[in-house]
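Q: Quick check, what structure comes out for this input:
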Amino acid sequence: MSARKHWDIFCRIVDNYGDIGICWRLSQQLAHEHKLQLRLFIDDLAIAAHIIASLDSTQTSQIIDGIEICCWPQSTIKPAPVVIEAFGCGLPEAYAQQLQDQHSVWINLEYLSAESWVSDFHGTPSPQPALGLSKYFFFPGFFNDSGGLLREHNLIAARNAFLSEQTTQAEFWQHLLPDAATGAALIDSIKISLFCYPQACIAALCAGLAQPGKAISLILPFKAELTTSNLILAELKSSGFRARCNDQVFELGNIQLYLIPFLSQPDYDHLLWACDLNFVRGEDSWIRAIWAGKPFVWQPYLQDDAVHLNKLSAFIEVFSANAPADVQHLMQASHLAWSADLEQATDNIVSANPGSIVLWQDVIDQLPAIQAYTTERADTLAGQADLATKLVIFSENLRNIKV
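A: Numbering: from 1, shown residues only. Next up, the predicted model:
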C-alpha cells in the first residue's frame with residue numbers, strides 16, 4: 001500500500017458519544033470504501049467501547065474491522081502522511097513537532113453547521129509558525145462548496161431496502177422489543193425515538209402527544225450509569241409516566257414508553273428508519289436522522305448566550321427552504337420549541353405561534369406531509385459528494401502541492 005494511503009485520525013471524546021460516533025463512522029468509510037490504512041487515536045477507550053462494541057479498553061492498540069485503534073499516544077510515534085485532527089481536539093506535542101519533517105497534510109475536521117460563513121472558511125489554511133507548516137480547516141456542510149455530509153455510498157439504498165420490507169421491519173422490532181412486538185400494538189402505533197439532552201422541553205412534548213385515540217410508542221435509548229439518561233427518565237416520570245409491568249415499559253394515557261439499551265450504529269440507523277418521528281441531538285444522530293428520510297427534530301448541544309439557537313436557525317432555514325408553507329412552519333417551530341421556550345424564541349419562530357402543546361399535536365397530524373418533504377430533501381442532499389470522498393480529494397490536492 002502506498003505511503004500516502006496511511007492516515008491518522010485523532011479523537012477526544014467531549015460529549016459522550018458524538019465525537020467518537022463521527023470518527024468511527026468516518027474511519028470505517030475511509031478504510032472500506034477508499035482502501036486507506038487507518039490509525040484512530042482515542043483519548044477515552046472506555047467510553048468509545050460503547051460505540052465500538054468489540055473494543056477492549058485495556059489494550060493500547062488493537063485491530064477492529066480493519067482499523068488500528070490506539071490509545072492517545074504517550075510516546076513519540078511517526079505521523080502518517082495525512083493527519084485528521086477531529087473537532088479541534090489538538091495533537092500531542094511530540095507528534096506535532098514531526099509533521100513538517102514527514103511532509104504530512106494536517107486537516108482540522110470541524111463540526112457540521114449550515115451557517116452562511118462555513119463555505120467561506122472551508123479549506124482555508126491556518127499557519128502554525130512554530131511548527132513550520134499550516135493546518136487546514138475542513139468544514140462539513142450542506143452546500144457543494146463545503147466539505148459535504150458523512151454518508152456511506154450504499155446508505156440510501158440500504159435504507160430504501162429496509163423500508164420496502166415489512167417483514168424486515170417487524171423482525172427488527174421483535175428483536176428490539178420482544179415482549180412488546182409480539183402483538184400488532186407497537187407495529188400499528190406512531191413510533192417516536194427520543195435521544196435528547198436533559199434541557200429539551202419534554203413536558204410540553206408529552207402533553208402534546210397525549211391525544212386519545214392515537215397510540216404512541218416512545219422509544220428511549222437508556223443507559224442507567226449515564227446521568228443524562230436518568231435526568232431524562234426523571235423528567236418523563238414527572239410528566240406522568242408510570243411503570244406498567246416492569247422498569248422497562250411505562251405508560252401515560254395513549255403513550256407507551258419503552259426503554260431500550262444503547263444500540264450499535266447499524267441498529268440505531270434501523271431504529272431511525274423504522275420510526276415515524278425521531279428526536280436527535282448533537283451531530284452523529286442528527287446526520288443519521290437526515291439520511292433516514294423520516295420527520296425529525298434536532299437539538300443542538302447547549303452553548304452559552306444561546307449560540308446553539310443561531311446554529312439551529314441556520315439549519316432549519318436551509319433544510320426547510322423548499323418545503324410547502326405549512327410544512328416549513330411546523331419544521332421551524334418544532335425544532336425551535338424543542339430547544340427553547342416558544343416565548344423566548346419569538347425572533348426565530350414564525351409569527352403564528354400555535355402554542356407548544358398544539359404544535360406537537362399538529363406535527364403528529366402532519367407526519368405524512370413532513371415525511372414526504374424530508375425524504376425528498378435527504379435524497380437531494382445524497383446527490384452531493386460525501387464528506388469522506390471530499391476529504392480524500394482535498395488531502396490528495398494538498399499532497400500534490402507539497403510534493
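
Q: Flag the shaky bits of the stretch 201-350 of the chain, pLDDT-wise.
A: Scanning the stretch 201-350 of the chain with the threshold set as pLDDT under 70 gives 341-350.

Q: again, only using 50
A: In the predicted model of the stretch 201-350 of the chain, residues 342-350 satisfy pLDDT under 50.

Q: what ranges do the strands span in it?
A: If DSSP state E, counting those that start in this stretch is used as the criterion, the strands of the stretch 201-350 of the chain fall at 216-221, 242-243, 249-252, 255-260, 277-281, 296-299.

Q: want to throw those strands into TSV with distance to Phe195?
A: No exception for glycine: its C-beta is placed from N, CA and C like everyone else's. Converted to TSV, these look like this (distance: least, CB to CB, whole Å):
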stretch	distance to Phe195
strand 216-221	6
strand 242-243	21
strand 249-252	17
strand 255-260	11
strand 277-281	5
strand 296-299	9
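
Q: closest to Pro92 out of the ones you listed?
A: When the strands of the stretch 201-350 of the chain are ranked by distance to Pro92, counting by CB to CB, first place goes to strand 277-281 at 29.8 Å.

Q: what's near enough to touch the most centrally placed residue in the chain?
A: Compute the mean C-alpha point of the chain, and by CA atoms, centre = their mean the closest residue is Asp284, 1.8 Å away. Taking CB atoms under 8 Å, 6 or more residues apart in numbering as the contact definition, Asp284 lies against 17-18, 21-22, 25.

Q: Please report how far it lies from Trp24.
A: The span separating Asp284 from Trp24 equals 9 Å under the rule CB to CB, to the nearest Å.

Q: Please name the nearest non-neighbouring residue to the residue nearest to the centre of the chain.
A: Across the structure, with CB to CB, 6 or more residues apart in numbering as the measure, the residue nearest Asp284 apart from its sequence neighbours is Gly21 (3.5 Å).

Q: All the helices of the stretch 201-350 of the chain, residue numbers only.
A: Across the stretch 201-350 of the chain, reading from the start of the chain, the helices by DSSP state H, counting those that start in this stretch fall at 202-209, 227-238, 265-274, 284-292, 307-319, 325-339.

Q: so the fifth one versus helix 325-339, what angle?
A: I take that to be helix 307-319. Helix 307-319 and helix 325-339 meet at an angle of 160 degrees, taking axes from the mean of the first three to the mean of the last three CA atoms, to 10 degrees as the criterion.

Q: got a list of contacts for helix 307-319?
A: Contacts of helix 307-319 from elsewhere in the structure, counted by CB under 8 Å, 6+ apart, are 113-116, 142, 290, 298, 300-303, 331-332, 335-336, 339-340, 345, 348, 377.
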